[in-house]
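>>> With the sequence up front, the predicted model follows.
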Amino acid sequence: MIKIGPSHIALILLAAFLSIKGHGQVPEDSTKAESHKFLSYGTKGFIFSDRSGNYLMNLEFRGQFRLSYPTDNDPLTLSDYQEEQVKLGIKRARLKVGGHSFKPWLKYYLEYELFSSNLLDFRLMYEKKPWLKFKVGQWKVQYNRERIISSGKQQTMERSILTRAFTVDRQQGVSVFGHLEGEGLANFNYWLSVFMGTGRGSTGNDDNHLMYMSRLQWNFMGRAFKFSGSDIEFNQEFTGLLALAAVTNRSPYTRFSQSGGGQLEGFNPGVAGQYRVNQAMQESAGKYRGFSWQQEFHYKQIRDHVNSTVTDMAGNLIQAGYFFHHLWNAIPDNVEFYGRQAFYLPNLNVTDQLQNEFSFGFNWFIQGHRIKITGEASHLSSDFVSQGTMDGWRYRFQLDVSF
């Protein structure tokens, strides 16, 4: 597993700084009258750039501070529903470094979690043509919209109960992708990727089986759809998408997270090539004049080649938000209210297993997604085989800041 400490991060930033600084210097005999700002500030934090435009680096810090009761996590067991604790602390502390070098279409991006000392993303991109781009490194797989959207640009406080079971999370590999910018209905994004399939921080594969992922996104209104929640731009024209994606992988793992590979409930730690996981996803999303919605349906099959068992699971989420200022002027124009419903079936062959989530909340966008306050209440319930149903409420409050 890759281990990078603060000293490594400092060296990376210093090298990037000196590289850009060197290319941005103006010769003493230059007669150019134009001025250039080596350091400025924009929507992605601090900007370091040279005069030619061939070198640019964005530097951004982000922090999430969260208060929760009686728990912060999604309950998985009976004892989780009995937990009662007030928690206040740092949920995320991120350092983000991105930009381009040598040419504007040779891009890079690095993201580091300072609180737990984890390298999350480190990727290089070749993006000369919008319809044919390439990427190599480690990043969050472009599989489903809920997971792709940054935790700092989500509409809700946190991702739904589906994420634990269905996310592909971060992997190391290569990808070809692009935007086919046809007019009207002929507007698509696509992603084709091959990964190690062993999770974040893993530098190799457990056997000769790799992870393969494909995603096709139809921008049916002829306009690209950004990976961000809430219609804070107040789109005057309706913008929407429909997408399909699929993943196949064989590894020792049945699930992935920021921590790497792991197991869903009911599955034992695996050996090399034990679990064949096939999954598919359908989603839709749209934005129009302060209203936004997002929907995802997931299906996943896990074949255990050691114990000769097959498990099928499914889930769905739908969420929507609206800036009610446009209906009632007494509500501030930067306050959004949202709701989400999600259900998860861990085993389609067992009738007494169902998890439900109903979440309601608000966002106060002090400065867009860069400074916002979110409050949320969730009702969670789970059916446990032969043990009955448990349910309860969860309350969370959060400050999210990027600078």
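Ah, there it is. Numbering: from 1, shown residues only.
>>> Enumerate every residue touching Ala165.
Neighbour list for Ala165: Arg255, Leu264, His298, Lys300, Met313, Gly315, Tyr344, Pro346 [criterion: CB atoms under 8 Å, 6 or more residues apart in numbering]. No exception for glycine: its C-beta is placed from N, CA and C like everyone else's.
>>> likewise Phe297?
Counting by CB under 8 Å, 6+ apart, Phe297 has contacts Met281, Gln282, Glu283, Ala314, Gly315, Asn316.
>>> Now it: which helix or strand?
strand 291-304 (DSSP states H and E).
>>> do Gly361 as well
Using DSSP H and E, Gly361 falls in strand 355-367.
>>> chain center to that strand: distance?
17 Å (CA atoms, centre = their mean, to the nearest Å).
>>> cool, and stretch 307-324?
When distances are taken as CA atoms, centre = their mean, stretch 307-324 is centred 16 Å away from the chain's centroid.
>>> What are the buried residues along it?
For stretch 307-324, burial by neighbour count (16 or more other CB atoms under 10 Å) applies to 311, 313-324.
>>> State the distance from Met125 to Val136.
8 Å (CB to CB, to the nearest Å).
>>> out of these two, which sits in the more crowded spot?
Taking neighbours as other CB atoms under 10 Å, Met125 and Val136 compare with Met125 leading, 19 against 14.
>>> how about the more buried one, what does it touch?
Met125 makes contacts with Leu106, Lys107, Tyr108, Tyr109, Lys133, Phe134, Lys135, as judged by CB under 8 Å, 6+ apart.
>>> Tabulate the residues you listed (a markdown table), appending distance to Lys37 and secondary structure.
Converted to a markdown table, the contacts of Met125 look like this (distance: CB to CB, whole Å; DSSP: H, G, I helix; E, B strand; the rest coil):
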| residue | distance to Lys37 | secondary structure |
| --- | --- | --- |
| Leu106 | 22 | strand |
| Lys107 | 21 | strand |
| Tyr108 | 21 | strand |
| Tyr109 | 23 | strand |
| Lys133 | 29 | strand |
| Phe134 | 31 | strand |
| Lys135 | 30 | strand |
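>>> Please name the spatially closest residue to the residue sitting nearest the centre point of the chain (chain neighbours excluded).
In the chain, the residue lying closest to the centroid (CA atoms, centre = their mean) is Ile148, at 3.1 Å. Nearest residue to Ile148, sequence neighbours excluded (CB to CB, 6 or more residues apart in numbering): Phe227, at 5.1 Å.
>>> before we move on, what about Ala243?
Leaving out its chain neighbours, Ala243 is closest to Gln217 (CB to CB, 6+ apart), at 4.1 Å.
>>> Report the beta-bridge partner residues of that neighbour.
Gln217 has these beta-bridge partners by DSSP bridges: Asn189, Ala243.
>>> number of nearby residues for it?
The burial count for Gln217: 22, using other CB under 10 Å.
>>> going forward can the numbers begin at 17, since that is how I track them
Taking 17 as the first residue, the last one we looked at is Gln233.
>>> residues touching it, list them.
Phe204, Asn205, Tyr206, Phe241, Leu257, Leu258, Ala259.
>>> And those, which is closest to Ser56?
Comparing the contacts of Gln233 against Ser56 with CB to CB places Phe241 closest, at 28.4 Å.
>>> residue contacts, the closest one?
Per CB under 8 Å, 6+ apart, neighbours of Phe241: Gln233, Asn235, Thr255, Gly256, Leu257, Ala301, Lys303.
>>> I figured the third one hits Lys242, correct?
Think Thr255. No. Between Thr255 and Lys242 there is no contact under CB atoms under 8 Å: 9.0 Å.
>>> And the two? Which one has more around it.
Thr255 (21 against 11).
>>> Can you spell out which residues form a bridge with that one?
Beta-bridge partners, per DSSP bridges, of Thr255: Lys303.
>>> ok, now Gly404?
Judged by DSSP bridges, the bridge partners of Gly404 are Phe400.
>>> tally of neighbours for it?
Neighbours around Gly404, by other CB under 10 Å: 10.
>>> Phi first, then psi, for Arg180.
Torsion angles at Arg180 (phi, psi; degrees, to the nearest 10) stand at phi -60, psi -40.
>>> mind listing what it touches?
Residues touching Arg180, when contacts are defined by CB under 8 Å, 6+ apart, comprise Asp90, Arg271, Ser273, Leu280.
>>> ok so, going back, what's the pLDDT at the residue nearest to Ala259?
At Gln233, the pLDDT value in this model is 97.
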